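# Return a 3D structure for these sequence lines:
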Amino acid sequence: MELGMIGLGRMGGNMAERLKRGGHTVVGYDRDPKVTDVSSLQELIERLPAPRAVWVMVPAGKPTDETIHSLGNILSPGDLVIDGGNSHYVDDQRHGEELKAKGIGFVDVGVSGGVWGLQNGYALMVGGTDESVKRLMPVFETLKPEGEFGFVHAGQVGAGHFAKMVHNGIEYGMMQAYAEGWELLEASDLVTDVPATFRSWQEGTVIRSWLLDLLNNALASDPHLDELKGYAQDSGEGRWTVQAAVELAVPLPVITASLFARFASRQDDSPAMKMVAALRNQFGGHAVESVKGADSPGADVEPPQV
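A predicted model of the protein is given here:
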């Protein structure tokens, strides 16, 4: 199958390479002249036979909006646009309607696999009409891992990225649980070999997983993670997961707490904890630590009248 790929970065470039290895023809466009096959979107469209299929693999938000809008102006009825980035499912629904009005199909694909996808395949969560998805199955079959699993046609437009959003929310919770367990083991005097303990869990335990394998890779090169700072970004899907839970009144205590833990990691000195310390000092005379690092004595105050 012939396919256009817009965005040849770490994910898009590896996906294009896997497709080429699978016998597909991929025409790539990227702003980096070192990797692009064509000089413009217009040239990309001219290089592809109709009906065309163009895969968009650029950052979510404005870059994706602008790319899909541009494609809508130069593609023809019967062509297909695939958004394989980390877009919000609400944006998918809007993009789908805009392109549908021009006779252009739209499919959203949540992609998991990261830097290992070229070798192992990508897990694909797809949203779109049966007709559009069927047409793209040769591409999906090549990108997915070998075997039964790694692909789902999750539902209508938006369903692919909704499923990927929940997938990433679960990932947040799993990573936080592993991280908290690691910290507790590191703090204990009883366990003297924390990396070996985690390695032992890779077989025969109910918590074995690929994330655990990756955790062990990290500990093998830096046993106490001394080379890292405890600062974790979030890419957006965790926030969207919590927002969707609020809208649907679904309790997500673990995923929500893991998202907030990432926010806390970015604070060198928590403003909220300053207030907690001040209040403990006021009502109980508990010692507080000043900005100079010295312990301050408890407050000599009268309790409030009741």
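# Now do the SS call for Pro33.
Assigned with DSSP: H, G, I helix; E, B strand; the rest coil, Pro33 falls in the coil class.
# That one - how many residues pack around it?
7 (other C-beta atoms under 10 Å). All C-beta spots, glycine's among them, are computed from the backbone N, C-alpha and C.
# Now Val250: which helix or strand?
Val250 belongs to no helix or strand when assigned by DSSP states H and E.
# Now it. Its backbone dihedrals?
phi -110, psi 120 (degrees, to the nearest 10).
# For the stretch 201-306 of the chain, which segments count as helices?
In the stretch 201-306 of the chain, the segments counted as helices under DSSP state H, counting those that start in this stretch are 210-221, 237-248, 253-265, 271-284.
# got those as TSV, with mean neighbour count columns?
Below are those laid out as TSV (neighbours: other C-beta atoms under 10 Å):
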stretch	mean neighbour count
helix 210-221	14
helix 237-248	17
helix 253-265	16
helix 271-284	12
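# export the ones you listed to CSV and tack on distance to Gly72?
Shown next, in CSV, are these (distance: least, C-beta to C-beta, whole Å):
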stretch, distance to Gly72
helix 210-221, 38
helix 237-248, 24
helix 253-265, 34
helix 271-284, 45
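# With Gly78 as the reference, name the closest of those.
helix 237-248 (31.7 Å; C-beta to C-beta).
# helices and strands around that closest one, which ones?
On a contact count with 3 or more C-beta pairs under 8 Å, 6 or more residues apart in numbering; DSSP states H and E, helix 237-248 meets helix 159-187, helix 253-265.
# and Gly7, which of those is closest to it?
Evaluated with C-beta to C-beta, the helices and strands packed on helix 237-248 place helix 159-187 nearest to Gly7, the distance being 16.0 Å.
# Please identify which of the helices of the stretch 201-306 of the chain is closest to Met5.
helix 237-248 (22.3 Å).
# Output the helices and strands packed on helix 237-248 in JSON lines; the columns should cover distance to Asp79.
Shown next, in JSON lines, are the helices and strands packed on helix 237-248 (distance: least, C-beta to C-beta, whole Å):
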{"stretch": "helix 159-187", "distance to Asp79": "19"}
{"stretch": "helix 253-265", "distance to Asp79": "37"}
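# follow-up on the earlier one: export the helices of the stretch 201-306 of the chain to a markdown table and tack on mean pLDDT and distance to Glu66?
Formatted as a markdown table, those follow (pLDDT from 0 to 100; distance: least, C-beta to C-beta, whole Å):
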| stretch | mean pLDDT | distance to Glu66 |
| --- | --- | --- |
| helix 210-221 | 94 | 34 |
| helix 237-248 | 96 | 20 |
| helix 253-265 | 95 | 28 |
| helix 271-284 | 82 | 37 |
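# circling back: tell me which of the helices and strands packed on helix 237-248 sits nearest to Met137.
helix 159-187 (14.2 Å).
# Off-centre distance for the closest one?
Centroid separation between helix 159-187 and its chain, computed with C-alpha atoms, centre = their mean, to the nearest Å, is 11 Å.
# Of all the helices and strands packed on helix 237-248, which one is nearest Asp226?
helix 159-187 (11.1 Å).
# Can you spell out which helices and strands pack onto that closest one?
helix 89-100, strand 105-112, strand 123-127, strand 151-155, helix 194-200, helix 210-221, helix 237-248, helix 253-265.
# Relative to Val276, which of these is closest?
Comparing those by C-beta to C-beta, helix 253-265 comes nearest, at 13.1 Å.
# relative to strand 123-127, how tilted is the host helix or strand of Thr142?
For Thr142, the enclosing helix or strand under DSSP H and E is helix 130-143. Put simply, helix 130-143 runs at 170 degrees to strand 123-127, going by axes from the mean of the first three to the mean of the last three C-alpha atoms, to 10 degrees.
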